[in-house]
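[1] All I have is the shape, not the residue letters:
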């Protein structure tokens, strides 16, 4: 009887993707970095745009999201070693390849999740 060959187990790509982007701000951080490097404060203020009634993101949460995105290889952190500290975040090649995915999500959201127009207002 032939011995069964072991097939390497791989995580479900959808589950792996979901784990990588889980978090309230990760997609928006990637989207904001598509136009070039940003400093911590610029990222933080950018997260306040376009969200009605949103409280400011806490420094702890933003730091955690940035660290997770760095560990996943989507962004790179560059410390200039200056006083006061200067740190920039930028998309990696992997992160840049992810921008079209976020763009598709954004387009879908615009089509399907936009504010509904009231029938009376449309007439």
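    Right, received. Where do you want to start? Bear in mind that the values here come from a model prediction, so they are computed numbers and not experimental data.
[2] What ranges does this structure have for its helices?
    Along the chain, the stretches classed as helices by DSSP state H are 13-21, 26-33, 40-46, 59-71, 93-112, 119-122.
[3] separation between residue 108 and residue 39?
    30 Å (C-beta to C-beta, to the nearest Å). From N, CA and C alone the C-beta is placed, and that goes for glycine too.
[4] Compare these two and say which is more crowded by neighbours.
    Using other C-beta atoms under 10 Å, the more surrounded residue of residue 108 and residue 39 is residue 39, with 13 against 10.
[5] Quick check: nearest residue in space to residue 69, chain neighbours excluded?
    Leaving aside its chain neighbours, residue 69 sits nearest to residue 75 (4.5 Å; criterion: C-beta to C-beta, 6 or more residues apart in numbering).
[6] What's the separation between the one you found and residue 40?
    Counting by C-beta to C-beta, the gap from residue 75 to residue 40 is 12 Å.
[7] who has more neighbours, the two?
    More neighbours surround residue 75 than the other of residue 75 and residue 40, with 26 against 17 (other C-beta under 10 Å).
[8] Mind listing the shared neighbours of residue 75 and residue 40?
    Residues touching both residue 75 and residue 40 by C-beta atoms under 8 Å, 6 or more residues apart in numbering: 66, 89.
[9] What is the burial count for residue 101?
    Around residue 101 there are 13 residues (other C-beta under 10 Å).
[10] go on, residue 56?
    Using other C-beta under 10 Å: residue 56 sits among 11 other residues.
[11] wait, it sits on residue 46?
    No. At 11.7 Å, residue 56 does not count as touching residue 46 under the criterion of C-beta atoms under 8 Å.
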